[in-house]
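J.: I'd like to go over a predicted model; first the sequence, then the structure.
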Amino acid sequence: MNPGHNDEFADAQLREDSRRNQAILDALPAQIAVVDQKGTLITVNKAWARFAATNGKPNPTHFDVGANFLDVVKSANSPYGEEKTSVYSGLRGVLDGAIPHFSLECHVHYQSEQQWFKLLASRITETSSEIVVSQMDITRQKQLEEQLRESDVENSKLAAIIEYADDAIISLTLQGIIIGWNQGAERLYGYAAEEMVGHSILILHPLEKHDEYKSLMHRAKTGERVIGFTTVRKRKDGVLIDVSLSVAGIEVQSGNVTGVSMISHDISKIKRLEEQFRQSQKMEALGTLAGGIAHDMNNLLTIGIGYSDMLIRRLSATDPMRELLAEIHTAGERGAALTRQLLAFSRKQVLEPKVVDLNDIVINTESMLRRLIGEDVVMKSDLGAALKSVRVDPGQIQQVLINLVVNARDAMPRGGRLEIKTANVTLDDSFCRANPDVKPGGYTMLTVTDSGTGMDEATKTHIFEPFFTTKELGMGTGLGMAVVHGIVTQSDGHIEIDSYIGRGTTIKVFLPQVNESISWKKPISKIRPLPTGNETLLLVEDDNAVRTIALHILRSCGYTLLEASNGFEAIKIVQKHVGPIDLVVSDVVMPHLSGRQLAERLEAIRPGLKILFVSGYTDDSVVRHGVIADDVAFLQKPFTPTMLAQKVREVLDDAKLHTPANLPPEPFDVVQEASEESFPASDSPAY
């Protein structure tokens, strides 16, 4: 064998291996270079050469074979910028054998941009003094990682929004199995997530709503979005709640629906407010009708009660006609009580508020209540100490108490226990948010509790409606609780009912407290003859029959009477009459010119002239929405001769009562001879 030939073959083989290795290196996407102990570039691949051609500064050959890579790394124009110190230290550590390998993700100035590269350096062999340096462009990887981080943050935010949303957000499989249950769902339905995940959504559906479930799921599976669907769902405690649902399919794969998202919004409060509004409208319509009927009825009752009273006074105690007239008089009073109830629930009665201690009203009514309830009902009172005073009409609040106690008695046909309680309470903002008609603050509470049959939810819903009753036909008018509601509402109060079948009923009446001295005590009853006088009175009443009976009563008391059938006649009389007029007794609701307007004009003609207003009901501003002002005298129809005579005498003797000065007169010219054309038509209704 020729040794020379072998050497040539070996050299050729080495060259072939070198070309093969270089081809392999050139095929790799990473930038690869071999660096000797001094840092000199021995070998580079094509990717490195491209990197060198782009980044070599000031001469591209600085990255070529033969250049010192370490010098390039630490140079002022290093492509590694602020990280060049870390790169140099790592490379030097591997070359010196201090560390076996080095790795760093760093910014590199490449193709006129700052990009991310991963740099690796390690010895070729454990004994070799040469190292392999590779650089891989990982800019796209870093961008994806950043996008993923941002996506994770957004997903986390979205997850937090879903988890802590007020609404119930529920995720379902296409089979209706719950796979997502947020805290809003826990609050709304009362179930914890671990109780619901893995179970059917039908748990929340009343039995009659199962077909509705199938329809909603079908619509969601077909891609339809259901928004604002109003229905009923069942809480864990069994209570049915009104909800608004939004249902949509979840599309994850190629537009295919893979699940269902369901959002439930609690609309129970909205439903309650809507029901309260409808009830208010119904009560207002019935109240308007009842108020008009009561006004006309009061005029008729005034006539019947007045004449029967006057005739009874003229007959001897043994006259057989006296008993018959007494029956007529009693029937009239019963009719008057009924009209008062109509006015009470319609809130068109006139209240005469006084500052009272509610305990006094309970104590003064207690003996009457014991007679009403019978011996088989045990009644006890728990009256709060240091009770704050309230400003109410004592007679009307007494009526509230009587009605509540009578209802309680009727709920205990076989006897039972009844408790009347008073206490000071504070209604806070949370209570008032649930009851928009209530203002926060201090209230005096009157509570009536019975051990009777109780009420179901349907009865409680209708309890304040006029003519609604659970009693047998002919056993009740259905006005009792409507009257209670009307009086309490007109007194700026509030009512709460707590009742369950077989567990009795508790009714709480809240009346706003006032910081004023008590101005009312129980009146002492005395039978007195009709008070008399010799003053001159002007009677203004558009109803001829009512005016006639009032004239008879007042003339029998010794007064001199002037009469007018309307406000225009009254003004003419006042302007023409040369003598004194000590008092004007005027109806409030009259055609063309109301009692209020008449008072304004008379004040301009004769300042300080006293006025006594009389009416079956009125919402006229003289009585400020049904509440009498301190300086306004008022007599409610129907009245008896005693009531009229006593009220007239009271007004004449009271220097504080006069035409209210806070009512500005409407513009007009005072003339010697008043005519109907001198005044605008009244906006008051003509009854």
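T.: That came through fine. Computed from a predicted structure; not experimentally measured. Residues are numbered from 1 along each chain as shown.

J.: Please make it C-alpha for all contacts and neighbour counts, starting now.
T.: OK.

J.: The closest residue to Phe229 other than its chain neighbours: neighbour count?
T.: The shortest distance from Phe229 to any non-neighbouring residue, by CA to CA, 6 or more residues apart in numbering, is to Leu245 (4.9 Å). Leu245 is flanked by 19 other residues according to other CA atoms under 10 Å.

J.: Dihedrals phi and psi, Leu245?
T.: Backbone torsions of Leu245, given as degrees, to the nearest 10, read phi -110, psi 140.

J.: Can you name the residues bridging to it?
T.: Phe229, Ser264 (DSSP bridges).

J.: just the one 5 residues further on next, same as before
T.: Residues found in beta-bridge contact with Ile250 (criterion: DSSP bridges) are Gly259.

J.: Would you check that it makes contact with Arg225?
T.: No: Ile250 lies out of contact with Arg225 (CA atoms under 8 Å); the separation is 10.4 Å.

J.: pull the CA atoms of the helix or strand hosting Met368 into PDB?
T.: Assigned by DSSP states H and E, Met368 belongs to helix 358-373. Extracted in PDB, the C-alpha atoms of helix 358-373 (Å, rounded to 0.1, in the frame of the first residue of the first chain):
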ATOM      1  CA  LEU A 358    -100.300  56.700  71.200                       C
ATOM      2  CA  ASN A 359    -100.500  55.000  74.600                       C
ATOM      3  CA  ASP A 360    -103.400  57.300  75.600                       C
ATOM      4  CA  ILE A 361    -105.400  56.300  72.600                       C
ATOM      5  CA  VAL A 362    -104.900  52.600  73.300                       C
ATOM      6  CA  ILE A 363    -105.800  53.100  77.000                       C
ATOM      7  CA  ASN A 364    -108.900  55.200  76.200                       C
ATOM      8  CA  THR A 365    -110.100  52.600  73.700                       C
ATOM      9  CA  GLU A 366    -109.300  49.500  75.700                       C
ATOM     10  CA  SER A 367    -112.600  49.100  77.500                       C
ATOM     11  CA  MET A 368    -114.500  49.400  74.200                       C
ATOM     12  CA  LEU A 369    -112.200  46.800  72.700                       C
ATOM     13  CA  ARG A 370    -112.800  44.300  75.500                       C
ATOM     14  CA  ARG A 371    -116.500  44.500  74.800                       C
ATOM     15  CA  LEU A 372    -115.900  44.000  71.100                       C
ATOM     16  CA  ILE A 373    -113.700  40.900  71.300                       C
END
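
J.: neighbour-wise, which of Ile250 and Arg225 wins?
T.: Each of Ile250 and Arg225 has its neighbours counted (other CA under 10 Å); Ile250 has more, 20 against 13.

J.: List the first helix or strand encountered after the lowest-mean-pLDDT helix or strand in the chain toward the C-terminus.
T.: One helix or strand of the chain scores below all others by mean pLDDT, DSSP states H and E: helix 139-164, with a mean of 66. The helix or strand immediately downstream of helix 139-164 is strand 168-172, counting by DSSP H and E.

J.: And the helices in the stretch 551-687 of the chain?
T.: Taking DSSP state H, counting those that start in this stretch as the criterion, the stretch 551-687 of the chain carries its helices at 567-576, 595-605, 641-653.

J.: Centroid-nearest residue for this structure?
T.: Compute the mean C-alpha point of the chain, and by CA atoms, centre = their mean the closest residue is Arg433, 4.9 Å away.

J.: Contact partners for that residue?
T.: By CA atoms under 8 Å, 6 or more residues apart in numbering, the contact list for Arg433 is empty.

J.: nearest spatial neighbour of Leu202, skipping sequence neighbours?
T.: Of all residues not flanking Leu202 in the chain, His210 sits nearest, at 7.2 Å (CA to CA, 6+ apart).

J.: gap between the one you found and Leu245?
T.: Computed with CA to CA, to the nearest Å, the distance linking His210 and Leu245 is 15 Å.

J.: so which of the helices of the stretch 551-687 of the chain comes closest to Glu457?
T.: helix 641-653 (44.0 Å; CA to CA).

J.: Kindly provide the whole-number mean pLDDT of that closest one.
T.: Helix 641-653 comes out with an average pLDDT of 90.

J.: cool, and stretch 336-343?
T.: 64.

J.: before we move on, what about stretch 14-33?
T.: Stretch 14-33 comes out at a mean pLDDT of 77.

J.: List the buried residues of that stretch.
T.: Residues of stretch 14-33 classed as buried by neighbour count (16 or more other CA atoms under 10 Å): Leu25, Asp26, Ala30, Gln31, Ile32, Ala33.

J.: Checking the closest residue to the third one other than its chain neighbours next. Helix, strand or coil?
T.: Distances taken as CA to CA, 6+ apart put Met136 closest to Ala30, at 4.8 Å, once the chain neighbours are dropped. Assigned by DSSP: H, G, I helix; E, B strand; the rest coil, the conformation of Met136 is strand.

J.: contacting residues for Met136?
T.: By CA under 8 Å, 6+ apart, the contact set of Met136 is Pro29, Ala30, Gln31, Phe117, Lys118, Leu119.

J.: now with 10 Å?
T.: Met136 makes contacts with Pro29, Ala30, Gln31, Ile32, Ala47, Glu105, Trp116, Phe117, Lys118, Leu119, Leu120, as judged by CA atoms under 10 Å, 6 or more residues apart in numbering.

J.: Run the chain-centre distance for the helix holding Met368.
T.: Distance of helix 358-373 from the chain centroid (CA atoms, centre = their mean, to the nearest Å) equals 36 Å.

J.: List the buried residues for it?
T.: Buried-residue list, helix 358-373, by 16+ other CA under 10 Å: Leu358, Asn359, Ile361, Val362, Thr365, Glu366, Leu369, Ile373.

J.: I figured the residue nearest to Phe229 hits Glu212, correct?
T.: No: here Leu245 lies out of contact with Glu212, judged by CA atoms under 10 Å, at a distance of 11.8 Å.
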